[in-house]
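> Please work out how this folds:
(one chain, ligands or ions: 1)
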Amino acid sequence: LSRYTATGDDRLECDVLIVGSGAGGSAVADVMTAAGRDVLMVEEGAYLPHDRVPEQLPDAFLNMWRCSGLTVALGPAPVAYAEGRCVGGGTEINTAIFQRAPDEIVEGWRQSHRVDDLSPLSLKPYYDRAAAAVSARLTTGPLGRPSDLLREAGERLGWKVEALRRSQRHCVGTNLCLAGCPTGGKQSMSSTLIPLALARGLRLVSQCRVDRLEIRSGRVSGARATARDITGRRVRLAIRARAVFVCAGAIHTPALLLRSGIKRAVGRSLRLHPTVKALARFDETVDAASHRVALYSITEFMPAIRIGGSLTTPGVFGMGLAEDWENRRDLIDDFPRTATYYAMARAEGVGRIDVLPGAHEPLVRYRLKESDWPLLATGLDALVKAMFAAGARRVFPGFRQHAGWTDAASASQEIARGLPRKLANLFTIHLFSSCPMGEDEARCPIDSWGRVRGVEGLHVADGSMIPDAPGVNPQATIMALAYRTAEHAGR
Ligand SMILES: Cc1cc2nc3c(=O)[nH]c(=O)nc-3n(C[C@H](O)[C@H](O)[C@H](O)COP(=O)(O)OP(=O)(O)OC[C@H]3O[C@@H](n4cnc5c(N)ncnc54)[C@H](O)[C@@H]3O)c2cc1C
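As a prediction, the model looks like this:
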């Protein structure tokens, strides 16, 4: 059991403390436990491995998603975002698509942020290690209509289409990725690196939040945390550690550093992939809720735009209708004939994270750059064209107050006039770059190897260290950079 058992003393000691158990934290645990270090991992959320995941999506929102998924980056056009809060972090609730960042983007990071020894070649062994850890592979056999429709659309339009690798071993297509994976087919952290590290001696304390780091004379000495013990009582813990890896994700890593008095360039450069959806109604039965998420992606416009499919369940469909009930209510009986797809943009907008006294969650703000709007419009235009090419009869964009389009030409005409900024329901599940790595000290609170400037023994290893938007799904890059950081720290 991973819950803390109160001893009356409530002090813990370790060689290496890892804060957060997601993609980054688990890769660090892999390296550190393999090296024989005494490692303590502390995770704010609950431990729900695949044989204990909730059966219903609403229970998963409550127990595995931060704030039940109701999180938003505020700004002129707010962007709803989602994060995992459970052992395994986002990898437990994600759709497990495994993509490496394109070479030119990795090269760009080296130059823009002056990252030492970072190149596609030097990162490859870490990507390979991450791919092996999660058994990244293509899915064989029939993938279902949601996948085929996207592939057919791309082929008809003469656009590049790519089959997507996923972190999975024996995915049987339960389509419950958003609620953990009841079969363990998804190779999330709680099915791979965490059990491996536990077998090597990792101590894991779930439902324990690190409140602040202890820093003395320019060196980290541990942390203060609040745990829930097995009786549900709150316990204040003092943790002593020789080294600390902050792996709390792109929002909470900067929040923890700020709460601990580390401020320089922290949380000032949040990047994300703003995404716009389209709900398409076909004549044929697509039965999206019974099939895996679309396992093809239209890559013609990458790295600026990627077009893919959203996972569908009755609940997710219901939320899609509720976004614009007046216009979409008639679709309620069309559930089997609908599917949702998205266009994700490699935007240049920047956000920031601030901590507010007494507030549990940080304040997240984000503003799209002016040039991001035409980019999103290009993405939506391509997405809608793809939907009609796939045979859609009606396509509803992710805006409020929109009756939907019945043909691609009228959609293009309207989109060319610009997106309705106040009505767009933008969202993202990809967050990064809030503590970018590099030697550009003005912009990078951590150096090229994840070391926090000015604090000995303190490292960052998660999505917040990625210098800039990768343009692809980020888990693979987060794991690769965390492996690189931990290996370097262990030398
Ligand atoms: C619905 C969804 C679908 C996605 N699909 C994909 C996909 O298909 N492919 C892909 O590559 N990416 C996908 N992503 C994104 C991917 O899952 C994340 O980018 C990745 O998990 C982030 O890794 P991380 O280590 O930075 O942080 P996280 O995985 O978010 O882990 C951070 C952990 O730290 C914990 N924590 C935070 N603060 C504290 C604290 N103070 N004390 C203790 N613990 C703390 C959190 O509870 C969390 O568990 C998806 C994300 C979501 C939400």
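
> quick one, helices of the stretch 51-200 of the chain?
57-64, 103-112, 120-133, 145-157, 193-199 (DSSP state H, counting those that start in this stretch).

> Nearest to Asp9, out of those?
helix 193-199 (23.3 Å; CB to CB). (C-beta placed from N, C-alpha, C; glycine too.)

> Can you name every helix or strand that that closest one contacts?
For helix 193-199, the elements it packs on are helix 23-34, judged by 3 or more CB pairs under 8 Å, 6 or more residues apart in numbering; DSSP states H and E.

> Quickly check: stretch 339-357 near the ligand or not.
No - Stretch 339-357 does not reach the ligand (CB under 6 Å from any ligand atom); its nearest approach is 10.8 Å.

> Which residues in that stretch does the neighbour count mark as buried?
339-347, 349-353, 355 (16 or more other CB atoms under 10 Å).

> and if you look at stretch 133-141?
Those buried within stretch 133-141 under the rule 16+ other CB under 10 Å are Ala133, Val134, Ser135, Ala136, Thr139.

> Over to stretch 2-21?
Per 16+ other CB under 10 Å, stretch 2-21 contains these buried residues: Ser2, Arg3, Tyr4, Leu12, Cys14, Val16, Leu17, Ile18, Val19, Gly20, Ser21.

> Can you tell me which of the residues you listed is closest to the ligand?
Gly20 (2.7 Å; CB to the nearest ligand atom).

> From what I see, that closest one and Glu43 are in contact.
Yes - under the criterion of CB atoms under 8 Å, Gly20 makes contact with Glu43 at 6.4 Å.

> list the residues that contact both of those two?
Gly89 (CB atoms under 8 Å, 6 or more residues apart in numbering).

> Near the ligand, which residues of the stretch 201-350 of the chain are found?
Selection of the stretch 201-350 of the chain residues close to the ligand by CB under 6 Å from any ligand atom yields Arg209, Val210, Cys247, Ala248, Gly249, Ala250, His252, Leu256.

> Most neighbours out of those, which is it?
Comparing those by number of neighbours (other CB atoms under 10 Å), Cys247 comes first, having 34 neighbours.

> Would you mind giving the secondary structure of Arg209?
strand (DSSP: H, G, I helix; E, B strand; the rest coil).

> circling back to that earlier point, turn the buried residues of stretch 133-141 into TSV, including distance to the ligand and pLDDT.
Listed next are those as TSV, based on distance: CB to the nearest ligand atom, whole Å; pLDDT from 0 to 100:
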residue	distance to the ligand	pLDDT
Ala133	13	98
Val134	10	98
Ser135	14	98
Ala136	10	98
Thr139	13	93
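
> So which of these is the closest to Thr71?
Once CB to CB is applied, the member of the buried residues of stretch 133-141 that ends up nearest Thr71 is Val134, at 25.1 Å.

> Next, Gln475: phi, psi?
phi -50, psi -40 (degrees, to the nearest 10).

> pretty sure it contacts Gly24?
No - contact criterion CB under 8 Å: Gln475 and Gly24 do not qualify, at 9.5 Å.

> Which one's more surrounded, the two?
Gly24 (35 against 27).

> Find the nearest non-adjacent residue to that one, please.
Asp462 (3.1 Å; CB to CB, 6 or more residues apart in numbering).

> The one you found: what's it in contact with?
With CB under 8 Å, 6+ apart, Asp462 has these contacts: 20, 22-25, 246-250, 253, 478, 482.

> With Gly249 instead?
Gly20, Gly22, Gly24, Glu83, Gly89, Gly90, Leu431, Asp462, Gly463, Ser464.

> again, 7 Å this time
Contacts for Gly249 (CB atoms under 7 Å, 6 or more residues apart in numbering) come out as Gly20, Gly22, Glu83, Gly89, Asp462, Gly463.

> and those residues near the ligand, which?
Answer for these near the ligand (CB under 6 Å from any ligand atom): Gly20, Gly22, Glu83, Gly89, Asp462, Gly463.

> ok, so of these, who is nearest Met32?
Closest to Met32, out of all of the ones next to the ligand among the contacts of Gly249 and judged by CB to CB, is Gly20, at 13.9 Å.

> Surely the closest one touches Val87?
No - taking contact to mean CB atoms under 7 Å, the distance of 9.9 Å between Gly20 and Val87 leaves them out of contact.

> got any residues that touch both of those two?
The contact lists of Gly20 and Val87 share Glu43, where a contact means CB under 7 Å, 6+ apart.

> Residues of the stretch 1-150 of the chain that sit close to the ligand?
Counting by CB under 6 Å from any ligand atom, the residues of the stretch 1-150 of the chain that sit close to the ligand are 19-25, 42-45, 82-86, 89-91, 93-97.

> what do you get if the cut-off is 5 Å, keeping everything else the same?
20, 22-24, 43-45, 82-83, 85, 89-91, 94-95, 97 (CB under 5 Å from any ligand atom).

> So which of these sit within strands?
If you go by DSSP state E, these have nothing in strands.

> from these, which two are the most distant?
Checking those with CB to CB, the most distant pair is Glu44 and Ile97, at 24.9 Å.

> Walking through the stretch 201-350 of the chain, point out its helices one by one.
Under DSSP H, counting those that start in this stretch, the stretch 201-350 of the chain gives helices at 249-259, 314-322, 325-328.

> Where does the stretch 301-450 of the chain get nearest to the ligand, residue-wise?
Counting by CB to the nearest ligand atom, the stretch 301-450 of the chain gets nearest the ligand through Ile429, at 3.7 Å.

> Double-check that residue against Ala80; I have them as touching.
No - Ile429 lies out of contact with Ala80 (CB under 7 Å); the separation is 9.6 Å.

> Between these two, which is the more surrounded one?
More neighbours surround Ile429 than the other of Ile429 and Ala80, with 21 against 15 (other CB under 10 Å).

> Setting the sequence-adjacent residues aside, check what's closest to the more buried one.
Nearest non-adjacent residue to Ile429 (CB to CB, 6+ apart): Ala82, at 5.2 Å.

> who touches that neighbour in this structure?
Contacts of Ala82 by CB under 7 Å, 6+ apart are Trp65, Gly69, Thr71, Ile429.

> For it, grab phi and psi.
The phi/psi pair for Ala82 (degrees, to the nearest 10) is phi -140, psi 150.

> Distance check, it against Val72.
According to CB to CB, to the nearest Å, Ala82 stands 10 Å off from Val72.

> quick one: contacts for the nearest residue to Arg145 once chain neighbours are set aside?
Closest residue to Arg145 apart from its sequence neighbours, by CB to CB, 6+ apart: Val286 at 4.5 Å. Going by CB under 7 Å, 6+ apart, Val286 touches Arg145, Pro146, Leu149, Pro336, Arg337, Thr338, Ala339.

> Give the burial count for the nearest residue to Arg264 once chain neighbours are set aside, as a bare number.
Counting by CB to CB, 6+ apart, Arg264 lies nearest to Pro445, which is 5.9 Å off, once chain neighbours are set aside. The local packing of Pro445 (other CB under 10 Å) involves 29 other residues.

> is it true that Pro445 touches Val266?
Yes - here Pro445 lies in contact with Val266, judged by CB under 7 Å, at a distance of 4.8 Å.
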